[in-house]
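K.L.:
Got a sequence here, can you build the structure:
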Amino acid sequence: MPGSSWQNLGLVLRRVARTPLAVGLFTVGALFALLTHDGIGIGVLVAAIALVAIYAAGKLRDETFIRAAIAEARERSRSSSLMDRTFRIEELDLESRLKMKAIVKLQSEIATDIAGSSVDAVAAGLGDTVEATEELVDRGMAMAQQHRELRRYLTRTDKAAIESRIQSLQAKLGAEQDPVSQAEAKASLDSKQHELEEYEAIELACARVLAQLDAIESAFSELRARLVRIKSTSIADWVAANTQLHTQLGGLSTSAANLEQSISEMLTLGNSGQ
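P.N.:
Next up is the predicted model:
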């Protein structure tokens, strides 16, 4: 039995329960039990359950049925994930939303192209590449959500007002004679300068996120074009190309992970300083 036995058991039983045979047997058994209210009705229901159990036991030895059950479960999970991702994308800021929609569209096309390959070996061999693109979409989504939070701060904060306040405090500090007042002005100036540094760091982080999303989109566009060439050449060619593709996507994933971690740390420090 492919995969985890206990997991497959649940998937097979779920698929068996939805088959016309199982639904029909359960329906007949339940109707007899409800209408007769005696031992015969209960016996018919028990017999129906037993027949379904025998049918399920046979399907547990049917590799084709098991694989179909696993495929159905994966498709349900994928559909649920896509729906959740769609809702999350719509909550992003405009720039991130447009980029993520383009990335998701390209990744879907890549997966479809590979799954629909006329050469089974291509579809099987490029499975790790599909997984790599899915991981990149998830990383891109996480960064896009961070970009939304960073952009909200920039939108609510007036950089020109901060800079104007710094100039005012610098002038006040230079003109102030009282030591206590000088100390207060110096503390206020340091605070505002730190606020400006944080603002500029967030600006830079926003730009880096968008640049990383651009890099993912470009990589996916290149990948899809290369897949067309791979599938039209020999198996040896696409095996070599797939290794190169996987390495390239791995490097991009590492870069995205590092940027995501850097932004998370910056946000943590910024929140702790507030």
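K.L.:
ok now do L106, which residues does it touch?
P.N.:
Applying CB atoms under 8 Å, 6 or more residues apart in numbering to L106 gives the contacts E217, F220, S221, R224. Bear in mind the C-beta positions are built from the backbone N, C-alpha and C, glycine included.
K.L.:
who's in contact with R88?
P.N.:
Neighbouring residues of R88 by CB under 8 Å, 6+ apart: M141, Q145.
K.L.:
what's stretch 184-198 in contact with?
P.N.:
Under the contact criterion CB under 8 Å, 6+ apart, stretch 184-198 has outside partners K159, I162, E163, R165, I166, L169, Q170, K172, L173, E176, G270, G273.
K.L.:
Now do it: distance to the chain's middle.
P.N.:
With CA atoms, centre = their mean, to the nearest Å as the basis, stretch 184-198 stands 39 Å off its chain's centre.
K.L.:
So which bits of it are buried?
P.N.:
A185, S188, L189, K192, Q193, E195, L196, E198 (16 or more other CB atoms under 10 Å).
K.L.:
Please look at E109 and S221 and confirm they touch.
P.N.:
No. Counting by CB atoms under 8 Å, E109 stays clear of S221, with 9.9 Å between them.
K.L.:
The residue nearest the centre of the chain in helix, strand or coil?
P.N.:
Relative to the mean C-alpha position of the chain, the nearest C-alpha, by CA atoms, centre = their mean, is the one of D138, at 2.9 Å. With DSSP: H, G, I helix; E, B strand; the rest coil as the basis, D138 sits in helix.
K.L.:
Tell me the confidence at it?
P.N.:
Note for D138: predicted pLDDT of 88.
K.L.:
again with V104
P.N.:
91.
K.L.:
Was I right to think it contacts V137?
P.N.:
Yes. Judged on CB under 8 Å, V104 makes contact with V137 at a distance of 6.1 Å.
K.L.:
list the residues that contact both of these two?
P.N.:
Residues touching both V104 and V137 (CB under 8 Å, 6+ apart): R85.
K.L.:
In this protein, where's the longest helix?
P.N.:
Ranked by residue count under DSSP state H, the longest helix found in the chain is helix 179-231.
K.L.:
next one: phi and psi at D178?
P.N.:
For D178, the backbone dihedrals (degrees, to the nearest 10) come out as phi -70, psi 130.
K.L.:
What's the local residue count around it?
P.N.:
9 (other CB atoms under 10 Å).
K.L.:
Quick check: it vs A48, distance?
P.N.:
The gap separating D178 from A48 is 94 Å, by CB to CB, to the nearest Å.
K.L.:
Sketch out the low-pLDDT regions of the stretch 151-274 of the chain for me.
P.N.:
Filtered on pLDDT under 70, the stretch 151-274 of the chain yields the residue ranges 229-242, 266-274.
K.L.:
Dump the contacts of stretch 184-198 to JSON lines, plus neighbour count and distance to A69.
P.N.:
Output for the contacts of stretch 184-198, formatted as JSON lines (neighbours: other CB atoms under 10 Å; distance: CB to CB, whole Å):
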{"residue": "K159", "neighbour count": "13", "distance to A69": "57"}
{"residue": "I162", "neighbour count": "16", "distance to A69": "60"}
{"residue": "E163", "neighbour count": "14", "distance to A69": "63"}
{"residue": "R165", "neighbour count": "18", "distance to A69": "65"}
{"residue": "I166", "neighbour count": "17", "distance to A69": "65"}
{"residue": "L169", "neighbour count": "21", "distance to A69": "69"}
{"residue": "Q170", "neighbour count": "14", "distance to A69": "71"}
{"residue": "K172", "neighbour count": "16", "distance to A69": "74"}
{"residue": "L173", "neighbour count": "16", "distance to A69": "74"}
{"residue": "E176", "neighbour count": "16", "distance to A69": "78"}
{"residue": "G270", "neighbour count": "14", "distance to A69": "48"}
{"residue": "G273", "neighbour count": "9", "distance to A69": "53"}
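K.L.:
which ones among those residues are found in helices?
P.N.:
Per DSSP H, the contacts of stretch 184-198 map to helices at K159, I162, E163, R165, I166, L169, Q170, K172, L173, G270.
K.L.:
any idea what sits nearest the fourth one, other than its immediate chain neighbours?
P.N.:
Ranked by CB to CB, 6 or more residues apart in numbering and with sequence neighbours excluded, the top spatial neighbour of R165 is K192, at 5.3 Å.
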